[in-house]
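Asker: next come a sequence and a model predicted from it.
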Amino acid sequence: MISTAFTLRVLPGRFLKVALVTCVLTTALSPPAHAQQLNTESATAVKAAFLADIEVMREKFIGLAEAFPQDAYTWRPMEGVRSVSEVLMLIASEGYGFAPTALGGSAAMSREESQGLADITDKAQVIDHLNKGFDHARAEIEAVDPATLVSARALFGRERSTPELALFVAGDMHEHLGQLIAYARTNQIVPPWSR
């Protein structure tokens, strides 16, 4: 409520007050996302949107992986932070496991095998794993029956709806895409889609 009062004092106006009240009431009266029921049609739409987003991320991650020269793959902005290749291999491992399993698909490898990917720094091998990881995620997610997506699933100890799961996974992957874009710009590398 403190922020509401602050907003009304700083930005007075009848329209703002109506919009703010509408927003507060909508938020307060809407059931939480995990309580909202999906039907097969809406679950299919969420799955399709998630797959489309994964394809966009594939193009961007592969484009950045190709744009970085081999000698920059071990670059990191500071000690204790992932290197270029470690970020790319994290995304490959998410394609092999996190992305498909969040929606009920199978992982391509065990957690231990996936963690071993972080040691790969060869550009050709990294790009190969990125392609294989995204291919695996796509195939597994496409195979998920939308009827299984209408109910909440447990992820990290909490029940989450399919839209929450898709946003959670995609949000994590997009965060690492932003990280890699910052790495590229710091190294005077222009992302391919910005040229």
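Answerer: Thanks, I have it.
Asker: and the helices in this protein?
Answerer: Remark: helices assigned in the chain by DSSP state H are 2-10, 14-29, 40-67, 84-93, 99-102, 111-116, 123-143, 162-186.
Asker: what's the angle from the fourth one to helix 162-186?
Answerer: The directions of helix 84-93 and helix 162-186 differ by 160 degrees, with axes from the mean of the first three to the mean of the last three C-alpha atoms, to 10 degrees as the criterion.
Asker: give me the low-pLDDT residue ranges for this protein?
Answerer: Flagging of the chain using pLDDT under 70 yields the residue ranges 1-36.
Asker: tell me the domain ranges of it?
Answerer: 1-30, 36-194 (automatic domain parsing).
Asker: want to throw the ones you listed into CSV with mean neighbour count?
Answerer: Using the backbone N, CA and C atoms, a C-beta is placed for each residue, glycine as well. Formatted as CSV, the domains of the chain follow (neighbours: other C-beta atoms under 10 Å):
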stretch, mean neighbour count
domain 1-30, 10
domain 36-194, 17
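Asker: just to revisit the earlier point, so which of the helices of the chain is nearest Tyr73?
Answerer: Smallest distance to Tyr73 across the helices of the chain (C-beta to C-beta): 4.2 Å, for helix 84-93.
Asker: and the spatially most central residue of the chain, how far from Arg160?
Answerer: In the chain, the residue lying closest to the centroid (C-alpha atoms, centre = their mean) is Ala170, at 2.0 Å. For Ala170, the distance to Arg160 (C-beta to C-beta, to the nearest Å) stands at 13 Å.
Asker: please verify my assumption that Thr74 contacts Leu88.
Answerer: No: if you go by C-beta atoms under 8 Å, Thr74 and Leu88 don't touch, sitting 11.6 Å apart.
Asker: rewinding a little: with distance to Met78 added, can I get the helices of the chain in a markdown table?
Answerer: Output for those, formatted as a markdown table (distance: least, C-beta to C-beta, whole Å):
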| stretch | distance to Met78 |
| --- | --- |
| helix 2-10 | 34 |
| helix 14-29 | 39 |
| helix 40-67 | 20 |
| helix 84-93 | 13 |
| helix 99-102 | 28 |
| helix 111-116 | 22 |
| helix 123-143 | 21 |
| helix 162-186 | 11 |
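Asker: which one of the ones you listed lies nearest to Arg195?
Answerer: helix 40-67 (9.5 Å).
Asker: and that closest one with helix 162-186, angle?
Answerer: 10 degrees.
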